[in-house]
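Provided below for reference: sequence and predicted model.
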Amino acid sequence: MKRRIQLLAAAAILSSSAMAQKLSPSLQILLNSQNNSLSKVRSLAPVNKKDNTIGAFIRVDGPEVIEELKSKGIKIGSVISDSLVTATLPLDKIQTLADTKGIRYIQAATSAKLLLDKARADGNVDLAQSETNGLGSYTGKGIVIGIVDTGMYTDHIDFFSSDRKRYRIKKYWQQDQWPGKLYKSPKNFDYGREMVDSASIRRMYYDLSGQTHGTHVAGIATGADIESGLQGVAPDADIVLVSTDLHGDHVIDGVKYCFEYADSVKKPCVVNLSIGNTLGPRDGTSESDEALNAMTGPGRIIVGAAGNDGSKIVHASKAFTAGDEEMKVVFNCTPGKTAAGEIWGSQGENLTVQAKLVDITTDEVSMESDIEDTSAPKGFTKDLGQYGTIQIASEVNPVNGRPHIQLVAAMGYLPDNSRLVLSIKGKDGGEAHVWAAQESTIEQIHKEGYTDGDAKYTVNEIGGTAKDVISVGSYNTRTLVEYINGTSYDYTSFAGNVGAISSFSSAGPTLDGRMKPDVAAPGAEIYSAAVKNGDGGFDVSQASKKVTYDGKDYYYWSNQGTSMAAPFVTGTVALWLQAKPTLSPEEVKEVINKSSRTDTATGEVPNYRFGAGKIDAFSND
């Protein structure tokens, strides 16, 4: 009997391990958190509390498996290919799905984050629209610009034509609102609500997100009001808006929605993603990167923000050698907040990790966790008592073959000199890269035996790492911001000097060694459209410009980030598509590489901050 019990226990462990290999570490941690009363951490994957579901990417063996999922009542969002879909999954069905024949891998969709007067002139947009040697005015006419973002004010004067007669927003999908009798979900999707006529779109006014990010982004790419003096780059382009809930799978659905509209009207399209995610392999193999690559092609371009982590110490790496096969990093968590991190290793190698509470002055260990080994993933929750909780899960990623460890920690205040230390072990010839995300950093303690954090490899997933997405860094075209109340503020200490790369702009390379970002564009400080006064967290005292028309006030304000640089390039690509509607991502990159400007600030290009240099909409080359 004892022998039988041992065999049954071994079989259960093997079954659990096999299932874990089909579930991403973030999904393992989520399920463990749901079933573990010790856990004090919040999930990295947003759970819909109304029906206890999550968004996910599912890798399958073929289209017949997709049909089987539908027959089982699984809500499929976008069919990216015969082997990759987005879906909405009930939490209580995930383990059963993992055992389903033909299901290869389930990745939880984690939450993304939101990442022109002087800018237009600096990027030579004015020249592109006025000095094209008789070839016509390039203003984005005949091109669709898709904006997948949040913080939309649909009735801003910037989204009419420059003569204020033609409304240019053609479709609007609010992903975070329930459909009803008046507004239904878009065709091929079963969530959110869609407006397809100008009266309905304008009547929505703003999306209740509590901020103005998407309005500002859209204004940079395609704002048209001349009186403001702050026209966007492509003021004659048609606009499709997706007010996203920032779930990773829904961002992909939003991009698909924009392209499907453009296809229906037979126009080229460029979609802007001023959105990023600090979790993922950063080597172009993530589900979101694969999906974005699959949707691009001739006349289908995606532009993304590289990220705003360029001044954050959130990365560390080490190459293991014989006799030096341990990497120790101090993982610094903000007390009372949920912190996240992950570790990626070399293809074909394995890693182990152990969390410890260490007095870094004496190296005395007061508490330590189990050891997680990617060659035999099991995952665990470690209760650190009054100091917090840490969860760890791992895998060998089935797509890129890299060992992958993810951790989530909820930490309290630690005793003086005590730190949360990650001890990572590998083999000679391998390496490990560690990233801190959310409310965490990797400390620089400058002590022998420890690996200090740095700001390298900080380009974000979604906008920064996909091979066929045009990834954009930020440089400064102004630092002094003036407000309509007569005050001003100088952002030099935050962003850097005019002409220089913005200090916050994320740096490459990607984990697989590719050059990212592809180019830099004006990203600080940028004046553009804002949500109307009193809505979306915007206050009139923050405005830098006001335009009054037909008894209504419209405001413009200043913001900074690669979120602002990306739509500048999006608008520029729209001008290029007007000249050649069949431009592919590869051809856009060729134009960027040939035409981008260099100066003393860019230095020799390409490089991991400026990419090919500063974007130039009009080049004599």
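In hand now; what should we look at?

now residue 564. Its backbone dihedrals?
In terms of degrees, to the nearest 10, the main-chain angles of residue 564 are phi -90, psi -30.

now do it, the pLDDT please.
Looking at residue 564, its pLDDT stands at 96.

with the one 10 residues further on instead?
On pLDDT, residue 574 comes in at 97.

and it, what does it touch?
Neighbour list for residue 574: 140, 143, 145, 221, 222, 233, 234, 237, 270 [criterion: Cβ atoms under 8 Å, 6 or more residues apart in numbering]. (Glycine included, C-beta is placed from N, CA and C.)

just to be sure, it is in a helix?
Yes - read with DSSP: H, G, I helix; E, B strand; the rest coil, residue 574 is one of the residues of a helix.

any idea how far it is from residue 561?
21 Å (Cβ to Cβ, to the nearest Å).

before we move on, back to that, inside helices: which ones of the contacts of residue 574?
Secondary structure from DSSP state H places 221, 222 of the contacts of residue 574 in helices.

which sections of the chain are below the confidence cut-off?
Applying pLDDT under 70 to the chain flags residues 1-20, 34-43, 115-136, 533-538, 618-621.

hmm, 50 instead?
In the predicted model of the chain, residues 1-18, 37-39, 116-120, 122-128, 130-136, 620-621 satisfy pLDDT under 50.

give me the residue at the spatial middle of it.
residue 276 (1.4 Å; Cα atoms, centre = their mean).

list the contacts of that residue.
112-113, 115, 304-308, 460-464.

now with 7 Å?
Each residue near residue 276 by Cβ atoms under 7 Å, 6 or more residues apart in numbering is listed here: 112, 113, 115, 305, 307, 460, 461, 462, 463, 464.

which one of those is nearest to residue 542?
The nearest member of the contacts of residue 276 to residue 542, counting by Cβ to Cβ, is residue 115 at 19.5 Å.

where do the helices sit along this protein?
Listed in chain order, the helices of the chain (DSSP H) span 2-20, 25-35, 63-71, 94-98, 117-122, 125-130, 198-204, 213-222, 248-264, 287-295, 492-495, 562-579, 585-595.

select, out of those helices, the one closest to residue 471.
helix 562-579 (8.4 Å).

just the buried residues of that closest one, please?
By neighbour count with 16 or more other Cβ atoms under 10 Å, helix 562-579 contains the buried residues 562-578.

before we move on, what about stretch 201-215?
Residues of stretch 201-215 classed as buried by neighbour count (16+ other Cβ under 10 Å): 201, 202, 204, 205, 206, 207, 209, 211, 212, 213, 214, 215.

contacting residues around that stretch?
By Cβ under 7 Å, 6+ apart, the residues outside stretch 201-215 that reach it are 114, 147, 149-156, 167, 169, 172, 174, 195, 243, 529-531, 535-538, 563.

closest to residue 22 among the contacts of residue 574?
Residue 22 lies nearest to residue 270 out of the contacts of residue 574, by Cβ to Cβ, at 35.9 Å.

quick check: that closest one touching residue 573?
Yes - contact criterion Cβ atoms under 7 Å: residue 270 and residue 573 qualify, at 4.7 Å.

mind listing the shared neighbours of these two?
301, 303.

any chance you could map the strands in the stretch 151-300 of the chain?
169-174, 193-195, 238-243, 269-273, 275-276, 300-305 (DSSP state E, counting those that start in this stretch).

now residue 189: how far from residue 379?
According to Cβ to Cβ, residue 189 stands 33 Å off from residue 379.

now swap in residue 588 and tell me
Note on residue 588: its distance to residue 379, by Cβ to Cβ, is 42 Å.

who's more crowded, the two?
The residue with more neighbours, out of residue 588 and residue 379, is residue 588; 25 against 22, by other Cβ atoms under 10 Å.

wait, that one touches residue 303, no?
No - counting by Cβ under 7 Å, residue 588 stays clear of residue 303, with 8.8 Å between them.

residues shared between the contacts of the two?
With Cβ under 7 Å, 6+ apart as the test, residue 588 and residue 303 both reach 470, 573.

would CSV of the buried residues of stretch 201-215 with distance to residue 363 be doable?
Shown next, in CSV, are the buried residues of stretch 201-215 (distance: Cβ to Cβ, whole Å):
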residue, distance to residue 363
201, 62
202, 64
204, 59
205, 59
206, 54
207, 52
209, 47
211, 45
212, 49
213, 45
214, 49
215, 52
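
what's the closest of those residues to residue 427?
Looking across the buried residues of stretch 201-215 and measuring by Cβ to Cβ, the closest to residue 427 is residue 213, at 44.3 Å.

strands of the stretch 401-550 of the chain, start to end?
403-411, 418-425, 431-438, 440-442, 470-476, 480-482, 488-490, 519-524, 526-529, 543-549.

parallel or antiparallel, list what pairs with the second one.
Read that as strand 418-425. Strand 418-425 has the following strand partners under DSSP bridges: strand 326-333 (antiparallel), strand 352-359 (antiparallel).

need these in CSV (columns: distance to residue 412 and mean neighbour count).
CSV is the format used below for those (distance: least, Cβ to Cβ, whole Å; neighbours: other Cβ atoms under 10 Å):
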stretch, distance to residue 412, mean neighbour count
strand 326-333, 9, 22
strand 352-359, 12, 20
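
closest to residue 226 out of the ones you listed?
strand 326-333 (49.3 Å).

angle of the closest one against strand 431-438?
0 degrees (axes from the mean of the first three to the mean of the last three Cα atoms, to 10 degrees).

what's the spacing between strand 326-333 and its chain's center?
Mean-position distance between strand 326-333 and its chain equals 25 Å (Cα atoms, centre = their mean, to the nearest Å).

residues contacting that strand, please?
Outside strand 326-333, the residues that touch it by Cβ under 7 Å, 6+ apart are 316, 318, 339, 341, 360, 409, 411, 419-425, 432, 434, 436, 439-443, 445, 449-451.

one step back: now the strands of the stretch 151-300 of the chain as JSON lines including distance to residue 262?
Shown next, in JSON lines, are the strands of the stretch 151-300 of the chain (distance: least, Cβ to Cβ, whole Å):
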{"stretch": "strand 169-174", "distance to residue 262": "10"}
{"stretch": "strand 193-195", "distance to residue 262": "16"}
{"stretch": "strand 238-243", "distance to residue 262": "8"}
{"stretch": "strand 269-273", "distance to residue 262": "3"}
{"stretch": "strand 275-276", "distance to residue 262": "19"}
{"stretch": "strand 300-305", "distance to residue 262": "8"}
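
which residues touch residue 531?
Residue 531 makes contact with 151, 153, 206, 212, 215, 538, according to Cβ under 7 Å, 6+ apart.

let's see it at 10 Å
Shown in contact with residue 531 (Cβ atoms under 10 Å, 6 or more residues apart in numbering): 151-153, 156, 205-207, 209-216, 537-538, 555, 557.

distance check, it against residue 341.
Shown here: residue 531 relative to residue 341, a distance of 34 Å by Cβ to Cβ.

same list (the strands paired with strand 418-425) but as a markdown table, adding distance to residue 545.
Output for these, formatted as a markdown table (distance: least, Cβ to Cβ, whole Å):
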| stretch | distance to residue 545 |
| --- | --- |
| strand 326-333 | 40 |
| strand 352-359 | 51 |
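
nearest to residue 84, out of these?
Closest among the strands paired with strand 418-425, using Cβ to Cβ: strand 352-359, at 28.8 Å.
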